[in-house]
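>>> Below: sequence and its predicted model.
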Amino acid sequence: MTDRFNPGRPADAGKARDTAGVIAPPPLLALGVVVFGLLLDHILPAYVLSLLLPMWLRLLGGLGLIAFGCYLGIAAINGFRAAGTHVEPWKPTTALVADGIYTRLRNPMYAGLTLVLGGLAILMASDWMLVLTILFVPLMHFGVVRREERYLVAKFGEPYRRYCASVPRYGWPL
């Protein structure tokens, strides 16, 4: 028997490759944003957020973004668990999740993670963390999301294409 993702290879050899091939675990990328953002704040402080936003507004905005980001992430994880598939993108996907929060956006975990990073940056008045969060978005899009999409098209075919056509990637039609 051969691997359908790599014709000519034995099926057992292909099982190790039944993943999206993301550049790095998204939580690790997010941790990098936090650590390097805080490090840069220490080395090269800018004080823009602390001057532009009073503490009460940073608290309100930062906590609001963090709360909404956590809601998206938890709803997404619950959807994956209910479907019996792996949350981690470096493990094989066993089911296509298209209900719950996934009826509104295709990548709620990554949208939520980005909101949490932005909320932390605002809450902590970390200018560099906010800049790195902005850079985190295209890194996630091209290094994680697009790779996952190619993998899911190869794995689920037409049902996944129909899903993509009906649900926006990040919650807004682009």
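Received the coordinates, thanks. Since we're looking at a predicted model, the values are computed, not measured.
>>> mind showing which ranges of the chain have poor pLDDT?
1-16, 173-174 (pLDDT under 70).
>>> what distance separates the helix or strand harbouring Ile134 from the middle of the whole chain?
Assigned by DSSP states H and E, Ile134 falls within helix 127-140. Relative to its chain's centre, helix 127-140 lies at 13 Å (Cα atoms, centre = their mean, to the nearest Å).
>>> Same question for the helix or strand just after it: list its buried residues.
Scanning forward in sequence from helix 127-140 by DSSP H and E, the next helix or strand is helix 146-156. Residues of helix 146-156 classed as buried by neighbour count (16 or more other Cβ atoms under 10 Å): 147-149, 151-152, 155-156. No exception for glycine: its C-beta is placed from N, CA and C like everyone else's.
>>> now stretch 98-107
Residues of stretch 98-107 classed as buried: 98, 101-102, 105-107 (neighbour count, 16+ other Cβ under 10 Å).
>>> which residues does the nearest residue to Phe156 once chain neighbours are set aside contact?
Excluding its sequence neighbours, the residue lying closest to Phe156 (Cβ to Cβ, 6 or more residues apart in numbering) is Leu96, at 5.1 Å. Residues near Leu96 by Cβ atoms under 8 Å, 6 or more residues apart in numbering: 83, 152, 156, 159-160, 163.
>>> now the residues you listed in CSV, with distance to Met140?
Output for these, formatted as CSV (distance: Cβ to Cβ, whole Å):
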residue, distance to Met140
Ala83, 22
Leu152, 16
Phe156, 21
Pro159, 24
Tyr160, 19
Tyr163, 20
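>>> of all those, which comes closest to Leu49?
Checking these against Leu49 with Cβ to Cβ, the nearest one is Leu152 at 37.1 Å.
>>> number of nearby residues for the spatially closest residue to the closest one that is not a sequence neighbour?
What sits nearest to Leu152 in space, not counting adjacent residues and going by Cβ to Cβ, 6+ apart, is Tyr160, at 4.8 Å. Counted with other Cβ atoms under 10 Å, residues neighbouring Tyr160 total 18.
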